[in-house]
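Participant: Generate a structure from the sequence data that follows.
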Amino acid sequence: MTSIEDVRAVAPALEDYRKTVVLGDLWKREGLSPRDRSIVTLAALIARSQTVELADYLNLALDNGVTPAEISEIVTHLAFYTGWANAMSAVAIASGVFKTRNIGVDQLPAASGPPLALDEAAEAQRATRVGEQFGKLAPGLVQYTTDVLFRDLWLRPGLAPRDRSLVTVSALVATGQVAQITYHLNRAMDNGLTPAEAGETITQLAFYAGWPNAFSALPVVKDVIEKRPR
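Facilitator: The predicted structure follows:
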């Protein structure tokens, strides 16, 4: 963990920006709640395997109302969307935070249980489209996408659909995966994310994933919002 003194010793201006812009302004902006900003930031840090500050932001997330169960589901979800190793790196940090705060397994979601309701029509449409495009090329991937992601992971009740979408969109932006943003941002907005919240999500991610990733995502986000029925 990097201390304030370490930052000042290397980059005094960076510490000043952290204090005045990031903590003093960004995290206080309206348009996205502190809880949502924590979710977006955790998704970015885990997606990019940036664990130096992860313990601090896990603690902040818990203070901002993100529950241990939700953190557990965020890590699990990101194993599929940013890679198993990134999730395992996050587990190593989160386990220490959970121990310090006396968070036990009884506060975490079960490995399996009753799923959320599935929109059968929308899922059938998605599965058909993906199957027609890629079923012959990568049948295993197509089948896992249907059976594991959309008929299991996305239906886990430990994280609300809107928040699960917010995690996914944040991870895609943070890793520069712009080709996937259109589908998942539309899904996020179907799940309740507003245009204003989408804009603030990109603003938050500019600081935690870099300006190039934020600006690369902006044209896609703008296009999605403009094309949605009003």
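Participant: use CA for all of it now, contacts and neighbours both
Facilitator: OK.
Participant: What sits closest to the residue positioned nearest the centre of the chain if chain neighbours are left out?
Facilitator: Nearest to the mean C-alpha position of the chain, counting by Cα atoms, centre = their mean, stands residue 167 at 2.1 Å. Spatially, and ignoring its direct neighbours in sequence, residue 167 is nearest to residue 43 (5.6 Å; Cα to Cα, 6 or more residues apart in numbering).
Participant: got it, and residue 90?
Facilitator: Closest to residue 90 by Cα to Cα, 6+ apart is residue 46, at 6.2 Å.
Participant: so who does that neighbour touch?
Facilitator: By Cα atoms under 8 Å, 6 or more residues apart in numbering, the contact set of residue 46 is 54, 75, 78, 86-87, 89-90.
Participant: what's the most distant pair in those?
Facilitator: Pairwise distances across the contacts of residue 46 peak at 14.5 Å for 54 and 78 (criterion: Cα to Cα).
Participant: When those two are compared, which one has more neighbours?
Facilitator: residue 78 (24 against 20; other Cα atoms under 10 Å).
Participant: Which residue, neighbours along the chain excluded, lies closest to that one?
Facilitator: residue 87 (6.3 Å).
Participant: I figured that neighbour hits residue 76, correct?
Facilitator: Yes. If you go by Cα atoms under 8 Å, residue 87 and residue 76 touch, sitting 6.8 Å apart.
Participant: So for these two, which sits in the more crowded spot?
Facilitator: residue 87 (21 against 17).
Participant: same question for the helix or strand where the more buried one lies, mean pLDDT?
Facilitator: Per DSSP states H and E: residue 87 is located in helix 84-100. Helix 84-100 carries an average pLDDT of 98.
Participant: helices or strands next to it in the packing?
Facilitator: On a contact count with 3 or more Cα pairs under 8 Å, 6 or more residues apart in numbering; DSSP states H and E, helix 84-100 meets helix 34-47, helix 54-63, helix 68-82.
Participant: Just the angle for the second one relative to helix 68-82, thanks.
Facilitator: Going by axes from the mean of the first three to the mean of the last three Cα atoms, to 10 degrees, helix 54-63 is angled at 130 degrees with respect to helix 68-82.
Participant: just the first one next, same as before
Facilitator: Comparing the axes of helix 34-47 and helix 68-82 via the same axes, to 10 degrees yields an angle of 40 degrees.
Participant: how much distance is there from helix 34-47 to the middle of the chain?
Facilitator: Centroid displacement of helix 34-47 relative to its chain, using Cα atoms, centre = their mean, to the nearest Å, is 6 Å.
Participant: average pLDDT for it?
Facilitator: Helix 34-47 comes out at a mean pLDDT of 98.
Participant: Now name the helix or strand holding the closest residue to residue 7 other than its chain neighbours.
Facilitator: Ranked by Cα to Cα, 6+ apart and with sequence neighbours excluded, the top spatial neighbour of residue 7 is residue 15, at 6.0 Å. Using DSSP H and E, residue 15 sits within helix 12-17.
Participant: for the helix or strand bottoming out on mean pLDDT in the chain, packing partners?
Facilitator: One helix or strand of the chain scores below all others by mean pLDDT, DSSP states H and E: helix 4-10, with a mean of 93. Applying 3+ Cα pairs under 8 Å, 6+ apart, we find helix 4-10 packed against helix 12-17.
Participant: in the helix it packs on, what's buried?
Facilitator: residue 15 (16 or more other Cα atoms under 10 Å).
Participant: Then stretch 149-160?
Facilitator: So, applying 16+ other Cα under 10 Å, buried residues of stretch 149-160: 150-151, 153-160.
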